[in-house]
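1. next input, structure requested:
(4 chains)
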2 protein chains.
Amino acid sequence: MGREGRGTVGETDERQDRRIVPETTRRADRLPGNRYGNRPTMKDVAARAGVGLKTVSRVVNGEPGVTPDTERRVQEAIEALGFRRNDSARVLRKGRTASIGLVLEDLADPFYGPLSRAVEEVARAHGALLINGSSAEDPEREQELALALCARRVDGLVVIPAGDDHRYLEPEIRAGVATVFVDRPAGRIEADAVLSDNYGGARDGVAHLIAHGHRRIGFIGDMPRIHTAAERLRGYRAAMEDAGIAVEERWMSLGATNPERVRRAAEEMLSAPDPVTAVFAGNNRVTVTVIRVLAEQSRRVALVGFDDIELADLLQPGVTVVAQDAAALGRTAAERLFRQLDGSLVAPERIELPTRLITRGSGELPPAD
Amino acid sequence: MGREGRGTVGETDERQDRRIVPETTRRADRLPGNRYGNRPTMKDVAARAGVGLKTVSRVVNGEPGVTPDTERRVQEAIEALGFRRNDSARVLRKGRTASIGLVLEDLADPFYGPLSRAVEEVARAHGALLINGSSAEDPEREQELALALCARRVDGLVVIPAGDDHRYLEPEIRAGVATVFVDRPAGRIEADAVLSDNYGGARDGVAHLIAHGHRRIGFIGDMPRIHTAAERLRGYRAAMEDAGIAVEERWMSLGATNPERVRRAAEEMLSAPDPVTAVFAGNNRVTVTVIRVLAEQSRRVALVGFDDIELADLLQPGVTVVAQDAAALGRTAAERLFRQLDGSLVAPERIELPTRLITRGSGELPPAD
DNA sequence: CGCGCATCTGACAACGTTGTCCAGGCTCTA
DNA sequence: TAGAGCCTGGACAACGTTGTCAGATGCGCG
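-> Modelled structure (predicted):
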């Protein structure tokens, strides 16, 4: 423990190996010939087809210079043995893995589903596979994951950062790992980033509430160390300031987005002597909980949420949201990554995608006081 | 094209390589020394630290038999060069990759998010990474993906099948790739499967509607070739039969779950001369669209959906659903996979997880006719 | 009939790592 | 002080693939 290169996932390696390897490897070890659980190799295919090793390689890779007859013999041997090229060896030789890594926060969050899917589609179009993992909003776990992916020699990395210091990626980037940050920018390094216009979106959303007569507006958001949360708060403040409203501390609550915390925050704002008449919810998780809390209130409280949520249109009233296009974020990031890889990109850039205010009713409720 | 081993993703290889490799590799080629985009290797570290290759390996892997002083020197060299072990080479040597593959239908579907996440958590606990891809409900793409993962030599495969013939996996399974099917069983091969009780769940849901006085009940489901859809239909039929109700053809509609098709199907059932008074929706996608259609109706139509959906409790009326535990499906499958890998499992088994009827109002509406 | 050329094939090294095995130096004991 | 035994470190081969290059084979033409 701790004697490994800093940041490798290595410290669990030994245990892991012992856990994963046993049966099959032991079986293979007992067999004198092939390992890898008896998998046939090109050598085996070559022997069976009565040709040279390289000829098999040629057939498998569709390289020219093989007579139809030879090719047929090789194909038959491949079928008969159930041979499948070992891409690990191939990677080792070729230097590229045709796979990219995606580090995100939580695969189960409905916001990241479409984003991952978009990244995957782009990867697929480029013949690459996607390896992904969730950081669970833990910077250390993000680093561990990202470096593990680098150790697998992914060609590129799409990262939704949890932490705010990404200098640990410097050697990797220098070594040619294409890297794009999504949803939040990288910390302490220069790197491509594809973001939503969190500031502008939040400002628009809050301005929308103000336009409908609200002055005491609550903001419930994610932990302030998260860039999106900070930006959205900034947008909130800007909108309030534009309207000449002095923001009170107790209207703002930043922290974890679990239901308990959000519920507490919302209830506090709503039960104060001078309660807020509208709430701006900082992301989809928050919005969902706030909707629940508001449903229990006797007063009608206006609501605008950041991120669209499914069925938002069918609630009473419909939930007005600042929607970001998760798929577009993912797609843009992945495309940029592959442009890094083919060398058509040079300087890191920050791309900001616009958000869209979708009015459905909940933001148009008048202040009830 | 087409001369590859059948089923490899190889035919795109050449193009893909040309797309992905260029810049970096070219750069590396020009540099006489290291490839892999100049990445330092153990050899480089050894040279810099003035020790042997194997000593570096020992330090990196935390093996015993290195004096503190030597270890320090090696660590320094590692830091200085930004060395990171190349897991591809490691894999090649060791025979296990510490990664598992997940083939699912659509990462963007809210049902699969928690499932993937659960698989990932189990993998992580075993020190393995997760590689995943979406089949988009296309059997060919499923096969392509699964075999690509096998070529990467994943240790195991969790598959949510799109097709109904998985004999193509036989050589892989024989070669030791642990394989577990989730959500739907494998076709034409013996393999572990972790399923929900689709039949029982649907039967309970439909029985619930019948208990509230409905006789003309519609069923809108996924394509009949999909196992879950067929099972749920079977449950529907069983419940109807149990109640002595003769099912009419026009009450049942199976097909793609895109909004257009589902909308058309629902509207047809609802506008027939003797319209259905209740609808059983075959999965979450269907439920969402049916909710929309029902909201437009003047009549109150009862609804029970398979799969829980977020905010279902906040709609008017709340949506009654047959909930399955996506996370439990994923967790169970992944755990079983690792048990295959450590050899504590022998015979393939089919595990069925129970579903849970959650009543929220929409299923308790009386027939309106 | 012999030569040259084009085409097809195979031997070999290399990718970066780990397992095996042996050498050398050290300590400890007799 | 010599010998036994242990501990540390390194040389080497192997994992399965692909790139290089040279050899073999067959064909056409002079």
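
2. what about stretch A:44-62, average pLDDT?
-> Averaged over stretch A:44-62, pLDDT sits at 92.

3. can it be found next to chain B?
-> Yes - Stretch A:44-62 lies within reach of chain B by Cβ under 8 Å from any Cβ of the partner chain, at A:59-62. Yep, even glycine has a C-beta here, placed from its N, CA and C like the rest.

4. get me the contact residues on the stretch 201-350 of chain A for chain B.
-> For the stretch 201-350 of chain A, the residues in contact with chain B under the definition Cβ under 8 Å from any Cβ are A:288, A:291-292, A:295, A:309-312, A:314-316, A:327, A:338, A:341-343.

5. redo that, cut-off 7 Å
-> By Cβ under 7 Å from any Cβ of the partner chain, the part of the stretch 201-350 of chain A that sits against chain B consists of A:288, A:291-292, A:295, A:310-311, A:314-316, A:341-343.

6. neighbour-wise, which one of these leads?
-> When neighbours are counted by other Cβ atoms under 10 Å in any protein chain shown, A:Leu341 leads those with 24 neighbours.

7. separation between the closest residue to that residue other than its chain neighbours and A:Leu102?
-> For A:Leu341, ignoring the flanking residues on the chain, the nearest one in space by Cβ to Cβ, 6 or more residues apart in numbering or on different chains is A:Ala178 at 4.9 Å. As for A:Ala178, its distance to A:Leu102 is 13 Å (criterion: Cβ to Cβ, to the nearest Å).

8. burial count for A:Pro317?
-> 15.

9. and the nearest residue to it once chain neighbours are set aside, bridged to which residues?
-> Across the structure, with Cβ to Cβ, 6+ apart as the measure, the residue nearest A:Pro317 apart from its sequence neighbours is A:Gly361 (3.3 Å). Partner residues in beta bridges with A:Gly361, using DSSP bridges, are A:Gly318.

10. just give me the neighbour total for A:Gly361.
-> 16.

11. ok, it - contacts?
-> Shown in contact with A:Gly361 (Cβ atoms under 7 Å, 6 or more residues apart in numbering or on different chains): A:317-318, A:320.

12. can you check A:Arg167 too?
-> The neighbours of A:Arg167, taking Cβ under 7 Å, 6+ apart as the test, are A:188-189.

13. what's the answer for A:Leu130, then?
-> Taking Cβ under 7 Å, 6+ apart as the definition of contact, the neighbours of A:Leu130 are A:100, A:102, A:119-120, A:123, B:131-133.

14. helix, strand or coil for it?
-> Secondary structure assignment for A:Leu130 (DSSP: H, G, I helix; E, B strand; the rest coil): strand.

15. any idea of the pLDDT on A:Val346?
-> According to the model, A:Val346 scores 76 on pLDDT.

16. OK, contacts around A:Leu157?
-> By Cβ under 7 Å, 6+ apart, the contact list for A:Leu157 reads A:100-101, A:103, A:146, A:149, A:177, A:179.

17. for it, helix, strand, or coil?
-> Counting by three-state DSSP, the backbone at A:Leu157 sits in strand.

18. just the buried ones from the contacts of A:Leu157?
-> In terms of neighbour count (16 or more other Cβ atoms under 10 Å in any protein chain shown), the buried residues within the contacts of A:Leu157 are A:100-101, A:103, A:146, A:149, A:177, A:179.

19. out of these, which are inside helices?
-> Taking DSSP state H, the ones among those that sit in helices are A:146, A:149.

20. from the buried ones among the contacts of A:Leu157, pick the one nearest B:Arg263.
-> For B:Arg263, the nearest member of the buried ones among the contacts of A:Leu157 is A:Ile100. The distance, counting by Cβ to Cβ, is 37.0 Å.

21. burial of the residue nearest to the closest one when sequence neighbours are not counted, as a residue count?
-> Leaving out its chain neighbours, the residue that sits closest to A:Ile100 by Cβ to Cβ, 6+ apart is A:Gly156, at 4.4 Å. The burial metric for A:Gly156, expressed as a neighbour count using other Cβ under 10 Å, is 26.

22. OK, contacts around A:Gly156?
-> If you count contacts by Cβ under 7 Å, 6+ apart, then A:Gly156 has A:100, A:177-179, A:337, A:340-341 around it.

23. including distance to DNA strand C and secondary structure, could the residues of stretch A:44-62 next to chain B go into JSON lines?
-> Written out in JSON lines, the entries for the residues of stretch A:44-62 next to chain B read as follows (distance: Cβ to the nearest atom of the strand, whole Å; DSSP: H, G, I helix; E, B strand; the rest coil):
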{"residue": "A:Val59", "distance to DNA strand C": "9", "secondary structure": "helix"}
{"residue": "A:Val60", "distance to DNA strand C": "13", "secondary structure": "helix"}
{"residue": "A:Asn61", "distance to DNA strand C": "12", "secondary structure": "coil"}
{"residue": "A:Gly62", "distance to DNA strand C": "13", "secondary structure": "coil"}
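
24. how many neighbours does A:Arg350 have?
-> Using other Cβ under 10 Å, A:Arg350 has 12 other residues around it.

25. did I read that right, A:His214 in a helix?
-> No - judged by three-state DSSP, A:His214 forms no part of a helix; its state is coil.

26. which element, helix or strand, includes A:Val279?
-> Under the criterion of DSSP states H and E, A:Val279 resides in strand A:278-281.

27. for the residue of the stretch 51-200 of chain A at minimum distance from DNA strand C, phi and psi?
-> Residue nearest to DNA strand C within the stretch 51-200 of chain A: A:Gly52 (2.6 Å; Cβ to the nearest atom of the strand). With angles defined as degrees, to the nearest 10, A:Gly52 sits at phi -80, psi 160.
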